[in-house]
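Undergrad: Everything below, folded, please.
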Amino acid sequence: MRYTNRHILEFLEDWAPQSTKLEYDNVGLLVGNEEQEVSSILACLDVTPEVVDEAIALQADLIVAHHPLIFRKLSRITSSDATGSLIYRLIKNDINVIAAHTNLDAAPGGVSFVLASRLGLIDVHFLKTEEVPSHPRGRETGFGMIGMLPEPMDPPEFLDLVSDRLENRGLRYAGSPERIRKVAVCGGAGSFLADEARRQGADAYVTADLKYHEFFSASDAFLLVDAGHYETEVPVLKALCDRLRDRFPEMEVHRTSVNTNPVRYVFQEQPQKMK
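TA: I've put the predicted structure just below:
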């Protein structure tokens, strides 16, 4: 069967409807033509020069990204501008771009669900549900997830679990509950759900992009963990690729081999003294 960008958009609309995106967001087909044929897809979090190189090498027709390449209004597309240069190369190489961002955050089985699964949570449900009357199947949507650890853990054990499962040795955290059993998560920037996690009795909340003053909301009964934006979102790529392969078995679906995380960590055995 001949597949086009329109078929991929319909697949994503069924799973993560554009009506569920946050108002500020920019999702859907950002570069390309709905009727262009697609036989090979590359999935990624971020469209970077290295990812575009990879797409060209793989002869991919389409990049499906979590973070929108075009987020703010563009006044021009030129090769001297960082975003313009990428768009310029994509068009020259007939590579289309679709973004599934906050609509994939809000989807059943989306970013936060995959994060909860990666941490081994059970009995999970949305931390905050959203009502979307135009949802095609009337399914529940929302942001964040909350569930239970199979067995209680003390904070050091839980932090080791998060670090190992998300492959991040640079966790930031505050708080010191005696035991952790009920856990809330939100992939990416999720500080807006911290109060809801606490209200629902979570012992710990795992998210990313927390500001300094937000850590003061942690306590002896509530552990607040910043596990990294990239690290809390990148697990969704496997779920995205698996669903694409199930829906389009004749199509080549690749998960990027490029680590697009712009954050790097320095680890020291002893902290430097302030001068």
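Undergrad: Please count neighbours and contacts with C-alpha atoms only from this point.
TA: OK.
Undergrad: separation between residue 168 and residue 242?
TA: 24 Å (Cα to Cα, to the nearest Å).
Undergrad: Hmm, residue 206 and residue 194 touching each other?
TA: No - the pair residue 194 / residue 206 is not scored as a contact, 9.1 Å apart, by Cα atoms under 8 Å.
Undergrad: More neighbours: these two, which one.
TA: Under the criterion of other Cα atoms under 10 Å, the comparison of residue 194 against residue 206 puts residue 206 first, with 28 against 24.
Undergrad: I figured that one was touching residue 188, is that so?
TA: No - with contact defined as Cα under 8 Å, residue 206 does not reach residue 188; the gap is 9.7 Å.
Undergrad: For the stretch 151-275 of the chain, just list every one of the strands.
TA: Counting by DSSP state E, counting those that start in this stretch, the stretch 151-275 of the chain has strands at residues 172-174, 180-189, 204-208, 223-226, 252-255.
Undergrad: in its sheet, what does the longest one sit against?
TA: Spelled out, it's strand 180-189. Paired neighbours of strand 180-189 in the sheet (DSSP bridges): strand 141-153 (antiparallel), strand 204-208 (parallel).
Undergrad: ok, now the first one?
TA: Sheet pairing of strand 172-174 (DSSP bridges) gives strand 223-226 (antiparallel).
Undergrad: Share the number of residues neighbouring residue 53, please.
TA: As a burial measure, residue 53 scores 13 neighbours (other Cα under 10 Å).
Undergrad: Can you list the buried residues in the strand or helix carrying it?
TA: Per DSSP states H and E, residue 53 falls inside helix 49-58. By 16 or more other Cα atoms under 10 Å, the buried positions in helix 49-58 come out as 51, 52, 54, 55, 56.
Undergrad: Quick check: the nearest residue to the first one once chain neighbours are set aside vs residue 191, distance?
TA: So the one you mean is residue 51. Leaving aside its sequence neighbours, residue 51 sits nearest to residue 258 (Cα to Cα, 6 or more residues apart in numbering; 6.4 Å). Applying Cα to Cα, the value for residue 258 to residue 191 is 27 Å.
Undergrad: next one: phi and psi at residue 70?
TA: Note on residue 70: its backbone torsions stand at phi -110, psi 110 [degrees, to the nearest 10].
Undergrad: quick one: contacts of stretch 236-247?
TA: With contacts defined as Cα atoms under 8 Å, 6 or more residues apart in numbering, stretch 236-247 is touched by 11, 43-45, 110-111, 114-115, 251-255.
Undergrad: Out of those residues, who's the most crowded?
TA: The most neighbours of any of the contacts of stretch 236-247, using other Cα under 10 Å, belong to residue 111, which has 31 neighbours.
Undergrad: For the spatially most central residue of the chain, which residues are in contact?
TA: Against the mean C-alpha coordinate of the chain, by Cα atoms, centre = their mean, the closest residue is residue 233 at 3.2 Å. Contacts for residue 233 (Cα under 8 Å, 6+ apart) come out as 45, 111, 112, 115, 187, 188.
Undergrad: for residue 158, same thing?
TA: With contact taken as Cα under 8 Å, 6+ apart, residue 158 is in contact with residue 180.
Undergrad: Could you report the pLDDT at it?
TA: pLDDT recorded at residue 158 is 98.
Undergrad: Good, wrapping up.
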